[in-house]
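In: For reference, the sequence and a predicted model appear below.
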Amino acid sequence: AQTVTQSQPEMSVQEAETVTLSCTYDTSESDYYLFWYKQPPSRQMILVIRQEAYKQQNATENRFSVNFQKAAKSFSLKISDSQLGDAAMYFCAYRSVYSGTYKYIFGTGTRLKVLA
Amino acid sequence: NAGVTQTPKFQVLKTGQSMTLQCAQDMNHEYMSWYRQDPGMGLRLIHYSVGAGITDQGEVPNGYNVSRSTTEDFPLRLLSAAPSQTSVYFCASSLGASSGNTIYFGEGSWLTVV
């Protein structure tokens, strides 16, 4: 069975600085998708970025980028120029290409605090 | 754009009561699912549906029933609420396997069982 591990329960970053959130996963599959979701205090789940395992190029979305290391099974999220609005819980998630698009495996989350 | 709509947003139940969490999506998505989120844990899959009339169990199905009579609606029923079912519940929908693999979540339903 696949697992997703986020070993940092909480992180802090100064406004305008850069922070990296860690995620490791375990799978025997060669093709899959990885995601980062943001959950602000409103609790809504917001997709931040996604990565297809077959793509070697790291995904980027504005200030958000990932460092995808397939062999190491590592998928970290880098937030550049941190803003107060980035404060939230961040969840790393895995989805197999062999299962339906409903079946996500989530990590336990990292709470990001942004300090003014 | 409504997206995925969940009702109610907040609910307090007494142990043993029953209730239904409603979920509706207006994106004509084939797949719908229910997750629960507990403190210190990620979201866990309760039940899912791959189309009208088809449902199946996820990781934590005990104590919950679902049905899918239409493409748009996927209600989650608690037959006899227990304190262990105190949680935040998320409904989600997505296109089928040929989609871009994006799942859309509702805004969550806070359920407290006392």
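Out: Structure received.

In: Going by C-alpha atoms from here, please, whenever you check contacts or count neighbours.
Out: Will do.

In: Could you list the buried residues of stretch B:25-35?
Out: Within stretch B:25-35, the residues scored as buried using 16 or more other Cα atoms under 10 Å in any protein chain shown are B:Gln25, B:Met27, B:His29, B:Glu30, B:Tyr31, B:Met32, B:Ser33, B:Trp34, B:Tyr35.

In: Show residues contacting it.
Out: A:100-102, B:2-5, B:43-52, B:71-74, B:76, B:89-96 (Cα atoms under 8 Å, 6 or more residues apart in numbering or on different chains).

In: Then stretch B:60-80?
Out: Under the criterion Cα under 8 Å, 6+ apart, residues B:15-26, B:28-30, B:32-34, B:44-47, B:49, B:51-55, B:81 lie in contact with stretch B:60-80.

In: Now do it: distance to the chain's middle.
Out: Offset of stretch B:60-80 from its chain centre (Cα atoms, centre = their mean, to the nearest Å): 7 Å.

In: if we can go back for a sec, restricted to strands, list the contacts of stretch B:60-80.
Out: B:19-25, B:32-34, B:44-47, B:49, B:51, B:54-55 (DSSP state E).

In: count of neighbours near the residue of chain A found nearest chain B?
Out: Here chain A gets closest to chain B at one residue, A:Thr108, 4.2 Å apart by Cα to the nearest Cα. Using other Cα atoms under 10 Å in any protein chain shown, A:Thr108 has 24 neighbouring residues.

In: Can you pull out the low-pLDDT segments for the chain?
Out: Assuming you mean chain A. Per-residue confidence for chain A (pLDDT under 70) gives these ranges: A:100-101.

In: please go with chain B instead
Out: For chain B, applying pLDDT under 70 flags the ranges B:1, B:97-101.
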